[in-house]
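*Asks:* need the 3D shape of this:
(chains A and B)
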There are 2 protein chains.
Amino acid sequence: MSTHDGTEPAVISFADLDVELPEGVLVTDPDILAGYRHDRAQDPDAAVPAALVRATSTADVQATLRWANSHRVPVVPRGAGTSLSGGSGGIAGCIVLSTEKMRAITVDTATRTAVAQPGLFNSEVKRAAAEHGLWYPPDPSSFEICTIGGNAATNAGGLCCVKYGVTSDYVLGLEVVLADGTAVRLGGPRLKDVAGLSLTKLFVGSEGTLGVITEVTLRLLPPQPPASTMVATFGSVQAAADAVVAITGTLRPAMLEFMDRTTIGAVEDMLRMGLDRSTEGMLIARSDAPGAAAAEEIATMAQACRDSGAGEVFTTDDPDEGEAFAAARRMAIPAVERTGSLLLEDVGVPLPALPALVEGIAALAAEHDVTVAVIAHAGDGNTHPLIVYDPADDEMTARAAVVFGKIMDLAIELGGTITGEHGVGRLKKAWLPDQVGPDVMALTRQIKDALDPRSILNPGVVL
Amino acid sequence: MSTHDGTEPAVISFADLDVELPEGVLVTDPDILAGYRHDRAQDPDAAVPAALVRATSTADVQATLRWANSHRVPVVPRGAGTSLSGGSGGIAGCIVLSTEKMRAITVDTATRTAVAQPGLFNSEVKRAAAEHGLWYPPDPSSFEICTIGGNAATNAGGLCCVKYGVTSDYVLGLEVVLADGTAVRLGGPRLKDVAGLSLTKLFVGSEGTLGVITEVTLRLLPPQPPASTMVATFGSVQAAADAVVAITGTLRPAMLEFMDRTTIGAVEDMLRMGLDRSTEGMLIARSDAPGAAAAEEIATMAQACRDSGAGEVFTTDDPDEGEAFAAARRMAIPAVERTGSLLLEDVGVPLPALPALVEGIAALAAEHDVTVAVIAHAGDGNTHPLIVYDPADDEMTARAAVVFGKIMDLAIELGGTITGEHGVGRLKKAWLPDQVGPDVMALTRQIKDALDPRSILNPGVVL
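*Replies:* Residues are numbered from 1 along each chain as shown, chains lettered A, B, ... in the order given. Reported below is the predicted structural model:
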């Protein structure tokens, strides 16, 4: 066993941590630990953790961090392990600190807020809100299997963000356990609160590097009105992108998604719903404007697509029919995954650069002889290039890794970001300095060192 | 001259700063300096600055901070000096660093963003966006006289925040000059970007204590549809609050403001528009839902008011008529100010605690024999108790100061915040630990010390 900084520690006994925790919370069974090596990014460099803590309370998290900090043992916080950038994979000698058993939630209709523990799935938060006639908007495609704690730790996005914003926009307060085991409460059920530094916002998206989130206070909205849907096909990515810019300059769609030809083919192979395999790009847009305004917005979007040279334009106010197209978009990753293993990107660019990004990705795919399918939350310029490879083929795996990096290089060159919603994790860390520059890295390091001086919190992520 | 930590420095010559700056940027003329002593909070403890820098560029800000940091001279960043919590008033021996001359703006319709220098007024940003068919929502009541840099530094709110969010929700990127003069770029014109820590969000609302904002990249929206307006009067604050909770649980009003009896009287004295002086509370609500949906939302809100026991309920879709009521609300502070000097509060509470807050304030006013008018951004629980006093009457001034503190105590007791949108500044600093507790204060101090180790940036604010 070696610690994350490469030194050989004295052999660490977890016995004195075990006595600080309720029975069964600390796990050292190798068979169970093996299941906490990987997250969904399947990073081959991930290591089996030395121990697992399945916290049942904030006190468990505090005890674990106090112990880990005093013993300088690295801690990898983990929700459901659905990170696509390797933010929750194990590292040598670490404790994986799982919040999967912290699953309480209360909803307050008067303040329109929910107070949730981190281990609940996003879908369970949505459901709890809905039971009180309220709505929690953020909707990562993985919403049925990802946790609200992970959503907050990564500032997760989703499909409705183009109109309703990302996780950070809904986190009003947090309970966070700091590196030394101190639990702090930040913010609370108040829509406006500027008392002191914006610490709540700093911890959202910090990927477990500054503290462990043990409770989130979420802003809820009145229920979303039923949505109408528009689907349009295009002969070129540029035409689809023109339509996106025209639409978002006029109104705020509740969804505005793009699928390229490769993705459409993969989805059609899987779902057999009659999608046109010959089209170069498809937009799926929604309006949830109240009453008759939805039909007006859908008509406006359809016209923008026609003006931008769309082939077919289909609209419906039937929720089931519309949901079928939204579901097709959500199934894009599993559909493409049937054709091989995936390296998942989530680079984002300013909207006008979207065609250049998609064309550049196609050029990289051709140059390096790999398949790259592109889906995008087009309305906010956030794309998911899916690099398909065969892990049994070392040479192809190497080519895929090269393309993974070059897509980030391209996004940076186009004024974009290496990660729009998945986080930097361990897989994208090497590209972060290229995007933000040495001064921002130094600033990041100053904050990290101030809050986690022994660097026990998710080392190797971001920094 | 003494520095902010009370030690007597060697006499400082600004000559070697002067040579680093363009001609006329450094000002030491006492007559001009006197005008930079106070901000709108009129803190009697504010001091005339030792020097004024009217920066014309990021380079000027960098040169000033480099020099100030090496000489350990405190710097008070200042936009238009409209702080209501004393965040931009002078302190002994300081440089006031004004951004009033940095006034460039560009609007990009394709990315729906504006890049603005900090010295522009909020109203000028709105106007520049409107010239390109776009909209910058945040609308502090002072929008015609407060700067966008100050808005970002304080995370300013306003009337439309109940539906559209606060300044932080619109700041996609910043250029910030750090204490040592390093300029960093954070974020950018991307709607989703989770590359690294949420540093943009940390600097928004940091009240000039972590860096000086020299450029903001703002998210813009499609233009706001014309709004319809509802006005309702109530026989009790509780009835008005009941209506607020009923409304916000059902839909998202574009404005939901409250005025109490004292405020209504003051506004009526000033505007003579026929407001009912006998009513205990008035709500002014707006819907900007598209098309026919606005009328539906207005009808829903009117019914909620009637169900909560409203007296008169008036609705209109005439923009001028509606604007007259919104303007009456915006004139509330000047109207009450005609009756005496004001101590302006901006405490916020969770919505259900609104009646307890307003009643508690009335009890404090009676107990201490001062007039307190209450207006509120009711939809988000953010209130503005206006404490009226005569500064020539020392005893009354003292009583007003006591009530100022006790209102914050009450807000904290009710689970609220001492400041919803004005910031902590120097006037509310003493109450911040009571709200957030020693651990959050320690965390704040860690970040402050990491980023501004010589504590030159706006010392005495927040910490």
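*Asks:* going by residue numbers, what spans are helices in the stretch 51-200 of chain A?
*Replies:* With helices called from DSSP state H, counting those that start in this stretch, the stretch 51-200 of chain A shows them at A:58-71, A:122-131, A:148-154, A:161-164, A:199-203.
*Asks:* reformat the ones you listed as TSV; add mean neighbour count and mean pLDDT.
*Replies:* Bear in mind the C-beta positions are built from the backbone N, C-alpha and C, glycine included. What follows is those, written out as TSV (neighbours: other Cβ atoms under 10 Å in any protein chain shown; pLDDT from 0 to 100):
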stretch	mean neighbour count	mean pLDDT
helix A:58-71	21	98
helix A:122-131	19	98
helix A:148-154	32	98
helix A:161-164	24	92
helix A:199-203	25	98
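*Asks:* out of those, which comes closest to residue A:188?
*Replies:* helix A:199-203 (9.0 Å; Cβ to Cβ).
*Asks:* what's the first helix or strand after that closest one?
*Replies:* strand A:212-219 (DSSP states H and E).
*Asks:* tell me what the following helix or strand past that next one is packed against?
*Replies:* Downstream of strand A:212-219, the first helix or strand assigned by DSSP H and E is strand A:228-234. Using 3 or more Cβ pairs under 8 Å, 6 or more residues apart in numbering or on different chains; DSSP states H and E as the contact test, the elements touching strand A:228-234 are helix A:237-248, strand A:281-287, helix A:293-307, strand A:313-316, helix A:319-330.
*Asks:* and the contacts of strand A:228-234?
*Replies:* Here strand A:228-234 makes contact (Cβ atoms under 8 Å, 6 or more residues apart in numbering or on different chains) with A:240, A:243, A:276, A:279-288, A:294-295, A:297-298, A:301-302, A:305, A:308-317, A:321-323, A:325-326.
*Asks:* list the contacts of residue A:105.
*Replies:* A:114, A:115, A:116, A:117, A:120, A:124, A:125, A:128.
*Asks:* report how many residues lie close to the third one.
*Replies:* Look at residue A:116: counted by other Cβ atoms under 10 Å in any protein chain shown, it has 27 neighbours.
*Asks:* nearest to chain B among the contacts of residue A:105?
*Replies:* Taking Cβ to the nearest Cβ as the measure, chain B lies nearest residue A:115 of the contacts of residue A:105, at 11.8 Å.
*Asks:* while we're on the residue lying closest to residue A:100 once chain neighbours are set aside, how confident is the model there?
*Replies:* The shortest distance from residue A:100 to any non-neighbouring residue, by Cβ to Cβ, 6 or more residues apart in numbering or on different chains, is to residue A:119 (4.7 Å). Looking at residue A:119, its pLDDT stands at 98.
*Asks:* now do residue A:290
*Replies:* 85.
*Asks:* which SS state does it fall under?
*Replies:* Assigned state for residue A:290: coil (three-state reduction, DSSP: H, G, I helix; E, B strand; the rest coil).
*Asks:* just give the nearest non-adjacent residue to it, would you?
*Replies:* residue B:293 (3.7 Å).
*Asks:* got it, and residue A:67?
*Replies:* Residue A:67 sits nearest to residue A:17 (Cβ to Cβ, 6+ apart), 4.4 Å away.
*Asks:* which helix or strand contains that neighbour?
*Replies:* Following DSSP H and E, one finds residue A:17 within helix A:15-18.
*Asks:* give the contact list for the residue nearest to residue A:67.
*Replies:* A:26, A:51, A:53, A:63, A:64, A:67, A:68.
*Asks:* hmm, 10 Å instead?
*Replies:* With contact set as Cβ atoms under 10 Å, 6 or more residues apart in numbering or on different chains, residue A:17 has these partners: A:25, A:26, A:51, A:53, A:63, A:64, A:66, A:67, A:68, A:71, A:73, A:95.
*Asks:* go on, residue A:248?
*Replies:* A:162-163, A:256, A:301, A:304, A:351, A:378-381, B:109-112, B:191, B:221-222.
*Asks:* drop anything exposed from the residues you listed.
*Replies:* A:162-163, A:256, A:301, A:304, A:351, A:378-381, B:111-112, B:191, B:221 (16 or more other Cβ atoms under 10 Å in any protein chain shown).
*Asks:* could I have the buried ones of the contacts of strand A:228-234 as PyMOL selection syntax?
*Replies:* To isolate the buried members of the contacts of strand A:228-234 in PyMOL, using 16+ other Cβ under 10 Å:
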select buried, chain A and resi 240+243+279+280+281+282+283+284+285+286+287+288+294+297+298+301+302+305+308+310+311+313+315+322+325+326
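*Asks:* so which of the contacts of strand A:228-234 reach chain B?
*Replies:* A:287, A:294, A:295, A:297 (Cβ under 10 Å from any Cβ of the partner chain).
*Asks:* neighbours of the closest residue to residue A:28 other than its chain neighbours, how many?
*Replies:* Residue nearest to residue A:28 in three dimensions, not counting chain neighbours: residue A:51, with 5.3 Å by Cβ to Cβ, 6+ apart. Using other Cβ under 10 Å, the number of residues around residue A:51 comes to 23.
*Asks:* contacts only, for the residue lying closest to residue A:243 once chain neighbours are set aside.
*Replies:* Among residues not flanking residue A:243 along the chain, residue A:308 sits closest, at 3.9 Å (Cβ to Cβ, 6+ apart). Neighbouring residues of residue A:308 by Cβ under 10 Å, 6+ apart: A:232, A:234, A:236, A:238-247, A:283.
*Asks:* am I right that residue A:442 is in a helix?
*Replies:* Yes - per three-state DSSP, residue A:442 lies within a helix segment.
*Asks:* and for it, the neighbour number?
*Replies:* Using other Cβ under 10 Å, residue A:442 has 12 other residues around it.
*Asks:* for the residue nearest to residue A:100, give me its contacts.
*Replies:* Counting by Cβ under 10 Å, 6+ apart, residue A:119 makes contact with A:54-56, A:78-80, A:98-104, A:147-150, A:214.
*Asks:* apply 6 Å and report the result again.
*Replies:* With contacts defined as Cβ atoms under 6 Å, 6 or more residues apart in numbering or on different chains, residue A:119 is in contact with A:99, A:100, A:101, A:102, A:103, A:147.
*Asks:* quick one: buried ones out of those residues?
*Replies:* By 16+ other Cβ under 10 Å, those give A:99, A:100, A:102, A:103, A:147 as buried.
*Asks:* now those residues in CSV, with pLDDT?
*Replies:* CSV is the format used below for the buried ones among the contacts of residue A:119 (pLDDT from 0 to 100):
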residue, pLDDT
A:99, 98
A:100, 98
A:102, 98
A:103, 98
A:147, 98
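*Asks:* quick one, which of the helices of the stretch 51-200 of chain A is nearest to residue B:344?
*Replies:* Taking Cβ to Cβ, helix A:199-203 is the member of the helices of the stretch 51-200 of chain A nearest to residue B:344, at 24.9 Å.
*Asks:* who in the stretch 351-463 of chain A is up against chain B?
*Replies:* Those residues of the stretch 351-463 of chain A that sit near chain B, judged by Cβ under 6 Å from any Cβ of the partner chain, are A:351-352, A:380, A:382, A:417-421, A:423, A:432, A:435-436, A:439-440, A:444, A:446, A:450.
*Asks:* repeat that with 7 Å
*Replies:* A:351-352, A:380-382, A:415-421, A:423-424, A:432, A:435-436, A:439-440, A:443-444, A:446-447, A:449-451, A:462 (Cβ under 7 Å from any Cβ of the partner chain).
*Asks:* ok, now the stretch 1-150 of chain A?
*Replies:* Checking the stretch 1-150 of chain A against chain B by Cβ under 7 Å from any Cβ, the hits are A:109, A:110, A:111, A:112.
*Asks:* quick revisit: wait, which of the buried ones among the contacts of residue A:119 is closest to chain B?
*Replies:* residue A:147 (16.6 Å).
*Asks:* spatially nearest residue to the closest one (excluding sequence neighbours)?
*Replies:* Leaving aside its sequence neighbours, residue A:147 sits nearest to residue A:79 (Cβ to Cβ, 6+ apart; 3.3 Å).
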